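J.: need coordinates for the following:
(one chain, ligands or ions: 1)
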Amino acid sequence: MSSGHCMTGKKIILGVTGGIAAYKAVEVASRLRKAGAEVHVIMTRAAQEFVTELTFREITGNPVNTGMWGKVAHWNVEHIALAQMADLVLVAPATANLIAKLSIGMADDMLTTTILATRAPVFLAPAMNSNMFSNPVTQKNLETLRAQGMEIIPPASGHLACGVDGVGRLPEPVDIVARVEEYFCQGQSLKGRKILVTAGGTIAPIDPVRFIGNRSSGKMGYAVAEEAARRGAEVVLVLGVSALPDLGNARTIRVETTEEMRQAVLQEFSDSDAVIKAAAVADYRVKQVAGQKIKKSDDDWSIDLVRNPDILYELGQKKEHQVLVGFAAETQNLMEYAKKKLAKKNLDFIVANDVTMPGAGFQGETNIARLVFRDGRAEEHPMMKKSELACVILDHLEGIFRERCARVE
Ligand code: CTP
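T.: Purely as a prediction, here's the structure:
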């Protein structure tokens with residue numbers, strides 16, 4: 001894994017609470033800064049009994065926050081401003097008291113208020129007497145925080161300041177910083193790659209007010225695009241009919257018909273490193289789209305449909321360096337159809353799902369998928385959130401990129 005650059009310019013709030021290990025937070029701050037991060041320290045009142053504000057100010061080059069009501073640093077500090085600008089909040093050491101307060105959502109000082117208000121990931125490095133740490137109350141509180149998505153950096157064992165041996169020591173600053181760095185580097189595993197994702201359904205207009213459409217919500221492809229952007233890729237999302245908003249950190253191109261999707265995809269294809277085609281593409285279009293609203297008559301009505309081009313097939317023909325990932329939404333013979341599509345469309349792998357299964361398919365938040373590869377291997381996954389399946393898909397994509405690199409070297 002690359003090091004150093006992942007943390008450049010990252011805004012990290014370092015919370016320091018009042019334990020004997022607070023002195024180690026000085027080294028944590030120093031290492032974070034050396035790795036390129038912008039460090040903003042918030043000290044609790046108790047922490048100031050162990051280390052001085054001045055030390056952190058010198059180490060970080062930034063004003064230190066020592067309280068909600070105390071003297072305000074030269075820039076206008078507000079807990080909300082800090083909470084909003086943070087890329088990550090790290091509390092080291094985190095006392096049992098802080099952990100307890102966070103677990104019930106208390107916000108009675110600058111640090112707890114900021115953590116409650118932030119949407120950034122929160123990492124806690126607990127450090128305390130080993131009995132306090134193993135106390136069921138503390139363990140329950142940690143479990144609560146973990147369940148909310150906070151990352152708990154496990155304490156080390158060894159000789160504690162209170163004279164006993166046990167679990168509860170703050171891990172070495174170098175290890176704490178390595179964990180933070182790992183987090184930021186993870187986010188960069190697709191940096192330098194351009195990933196083209198399609199999502200949602202395309203429609204076949206009949207007249208100015210009617211169309212033929214499908215049940216796709218766009219959620220699966222959207223989750224893939226979001227995760228690829230989070231991993232640092234340049235993402236272009238070609239989004240068919242979907243209620244989802246434009247992606248914040250990717251280019252979203254909205255289309256309605258299959259031909260519009262085809263044009264957008266072909267335009268972006270040549271310099272893409274991978275295409276993930278989660279869209280449910282309308283295979284047919286109306287032969288003659290009426291310019292005016294068709295009025296009803298007493299007769300039955302039939303509409304002539306003509307075949308649309310298969311976009312993914314076309315990409316499979318054009319494919320050079322691009323990795324192609326397709327989807328197969330089936331209601332029967334899942335593996336057979338998926339394998340056929342994989343071969344016919346010249347894909348690297350295909351994500352097959354039986355849309356009739358509860359927990360799989362179009363509208364929901366979850367999916368049940370099998371990944372089928374060129375060599376015939378199939379990998380079955382249990383029901384999982386679409387965001388989790390997006391991670392599985394992108395992990396495989398990264399695996400293919402890595403394999404190719406290894407072959408070139
Ligand atoms: N696809 C496409 N262009 C089409 C139809 C499908 O690019 N005109 C892509 C989809 O985005 C998906 C894959 O091909 O990644 C398989 O789509 P699916 O609808 O499951 O299969 P079809 O090839 O349309 O076959 P069928 O409708 O007969 O199942």
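J.: residues making contact with the helix or strand hosting residue 204?
T.: Following DSSP states H and E, the helix or strand that holds residue 204 is strand 204-205. Residues outside strand 204-205 that contact it (C-beta atoms under 8 Å, 6 or more residues apart in numbering) are 211-213, 256-258, 282, 284-286, 289, 305, 308. Backbone N, C-alpha and C define where each C-beta goes, glycine included.
J.: repeat for stretch 139-154
T.: 92, 96, 99-100, 102-103, 121-126, 133, 171, 175-176, 179, 183.
J.: ends of that stretch, what's the gap?
T.: 12 Å (C-alpha to C-alpha, to the nearest Å).
J.: and that stretch, which residues are buried?
T.: By 16 or more other C-beta atoms under 10 Å, the buried positions in stretch 139-154 come out as 141-142, 144-145, 150-153.
J.: now, which of the residues you listed sits nearest the ligand?
T.: residue 151 (34.7 Å; C-beta to the nearest ligand atom).
J.: which pLDDT value belongs to the closest one?
T.: Looking at residue 151, its pLDDT stands at 96.
J.: beta partners for it?
T.: Listed beta-bridge partners, residue 151: residue 123 (assigned using DSSP bridges).
J.: still on that earlier bit, in JSON lines, list the buried residues of stretch 139-154 along with distance to the ligand.
T.: Compiled in JSON lines, those are given as follows (distance: C-beta to the nearest ligand atom, whole Å):
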{"residue": "141", "distance to the ligand": "45"}
{"residue": "142", "distance to the ligand": "42"}
{"residue": "144", "distance to the ligand": "41"}
{"residue": "145", "distance to the ligand": "40"}
{"residue": "150", "distance to the ligand": "37"}
{"residue": "151", "distance to the ligand": "35"}
{"residue": "152", "distance to the ligand": "39"}
{"residue": "153", "distance to the ligand": "40"}
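J.: now, the most widely separated pair of the residues you listed?
T.: 144 and 153 (16.6 Å; C-beta to C-beta).
J.: what about stretch 261-269, distance to the chain center?
T.: Remark: stretch 261-269 is offset 25 Å from the chain centroid, using C-alpha atoms, centre = their mean, to the nearest Å.
J.: and it, C-alpha only, in CSV?
T.: The C-alpha trace of stretch 261-269 is given here as CSV (Å, rounded to 0.1, in the frame of the first residue of the first chain):
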residue,chain,number,x,y,z
MET,A,261,-27.5,5.8,-23.3
ARG,A,262,-25.6,4.3,-26.2
GLN,A,263,-24.3,7.7,-27.4
ALA,A,264,-23.2,8.7,-23.9
VAL,A,265,-21.5,5.4,-23.3
LEU,A,266,-19.7,5.4,-26.6
GLN,A,267,-18.5,8.9,-26.0
GLU,A,268,-16.9,8.0,-22.7
PHE,A,269,-15.7,4.5,-23.6
